[in-house]
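Trainee: the following block contains a protein sequence and its predicted model.
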Amino acid sequence: MRNLTVSLCLSLCACSTTGAAQNAPYVLQPGHMDLEIGPDGNTVIFDAPDGLVVVDSGRHAAHAQAILDHAETITGKPVATLVNSHWHLDHTTGNRDILARFPQAGLVATGAMEAALAGFLARSRTAAVERLADPTLPADARARTQRTLAALDDRAAMVPANPVLADGPLELGGRTFIVHVAPAAATEADLWLIAPDEGLAVVGDLVVAQVPFFDTGCEDGWRRALDAIAAEQWTTLVPGHGEPMTRADFTRWRSAFDSWLDCAAGKAEASGCAEGWMANAAGFYAEDERENVRYLAEAYVAEVLRASADQRMAYCVTAAAADPA
Ligand SMILES: [Zn+2]
């Protein structure tokens, strides 16, 4: 059920038209939406004294190539540091492309990938192997599946040597970012950061504009993470998918998030919770995403948020362990 849902959720993404600009302090390489092949998450590229700091690497080869083009053709600077906000493959599959070209770049992430490779992603790997055994698999789908498999088998490009464990200032590429770790939120441990000079918050899938991707999420930890984001100093927030947000946008999105979770915790029909999301989050999804967003907003309530306590706790363990209460 989770695998079915994640494959559906990861088929959604926003398209932004934000363009790359030479010498800009940061550039948004927007995610790409394709309902057939799955999305890429947003990538943010910072200019730094030692090179580029790249946050998230997307899923598809074209997304990774756009990052490499920005480095090699537009700025002529190497990637000094690659950051992963979380382990989902629409944010990490391109790691190996970037690290193959810039092997000196450091990988900065939480330690959650390790457990994901042994759990959720081990099941993804099994599914990929089974798919490749099907002789009728079309060539383009085969190439994408082989790309996924190669990423899953490249531990050095996925697992950081020194995981980020705690909040605090962190020097990346020769400039200082404020890094936060959110336990048991969208994944077992999400990383998000503030770029103080730009007043920018880059938060990965702690904010997905269209609808929170709850496949590996934990309600309480996620709410705490959003509290922490609200408490930080920033003026623009880049979500994991969708357009950048102002503080007012974020506040409205947060309100929709809370209402939706409150509905899921109550006795209303899942379809009613989805209707509430559609109304409260209007403007955060495109018209041509409406049908899929509504489906996901209902399916997450029915299949994930109202799953058995055991299933829910699978993603809330870190938060429970970290909770002093
Ligand atoms: Zn994502």
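Mentor: Received it, and whenever you're ready, just let me know what you need.
Trainee: let me know whether Trp87 touches Leu121 as I believe.
Mentor: Yes: checked against CB atoms under 8 Å, the pair Trp87 and Leu121 is within contact range at 7.4 Å. To be clear about C-beta, it is placed using only N, CA and C from the backbone, and glycine gets the same treatment.
Trainee: the more surrounded of those two?
Mentor: A count of neighbours by other CB atoms under 10 Å puts Trp87 above the other of Trp87 and Leu121, at 26 against 21.
Trainee: and the more buried one, what does it touch?
Mentor: Applying CB atoms under 8 Å, 6 or more residues apart in numbering to Trp87 gives the contacts 109, 112-113, 116, 121, 158, 187.
Trainee: quick check, nearest of the residues you listed to the ion?
Mentor: Thr187 (10.0 Å; CB to the ion).
Trainee: look up how far Ala62 lies from the residue lying closest to Ile37 once chain neighbours are set aside.
Mentor: Excluding the flanking residues, the one nearest Ile37 by CB to CB, 6 or more residues apart in numbering is Arg144, at 6.1 Å. The gap separating Arg144 from Ala62 is 11 Å, by CB to CB, to the nearest Å.
Trainee: okay, the two: which has more neighbours?
Mentor: Arg144 (21 against 11).
Trainee: and the more buried one, what helix or strand is that in?
Mentor: Here Arg144, judged by DSSP states H and E, is contained in helix 139-152.
Trainee: that helix: which residues count as buried?
Mentor: Neighbour-count burial for helix 139-152 flags 144-145, 147-149, 151-152 (criterion: 16 or more other CB atoms under 10 Å).
Trainee: and it, what does it pack onto?
Mentor: Where contact means 3 or more CB pairs under 8 Å, 6 or more residues apart in numbering; DSSP states H and E, helix 139-152 is packed against helix 89-92, helix 95-101, helix 120-132, helix 155-158.
Trainee: let me know the angle separating the third one from helix 139-152.
Mentor: If you take axes from the mean of the first three to the mean of the last three CA atoms, to 10 degrees, helix 120-132 sits at 150 degrees to helix 139-152.
Trainee: could you find the residue nearest the spatial middle of the chain?
Mentor: Compute the mean C-alpha point of the chain, and by CA atoms, centre = their mean the closest residue is Asp205, 3.8 Å away.
Trainee: against Tyr300, how distant is that residue?
Mentor: As for Asp205, its distance to Tyr300 is 13 Å (criterion: CB to CB).
Trainee: spit out the residues that contact the two alike.
Mentor: Between them, Asp205 and Tyr300 share the contacting residues Pro212, judged by CB under 8 Å, 6+ apart.
Trainee: pLDDT weak spots in the stretch 1-150 of the chain?
Mentor: Across the stretch 1-150 of the chain, the ranges flagged by pLDDT under 70 are 1-24, 33-36.
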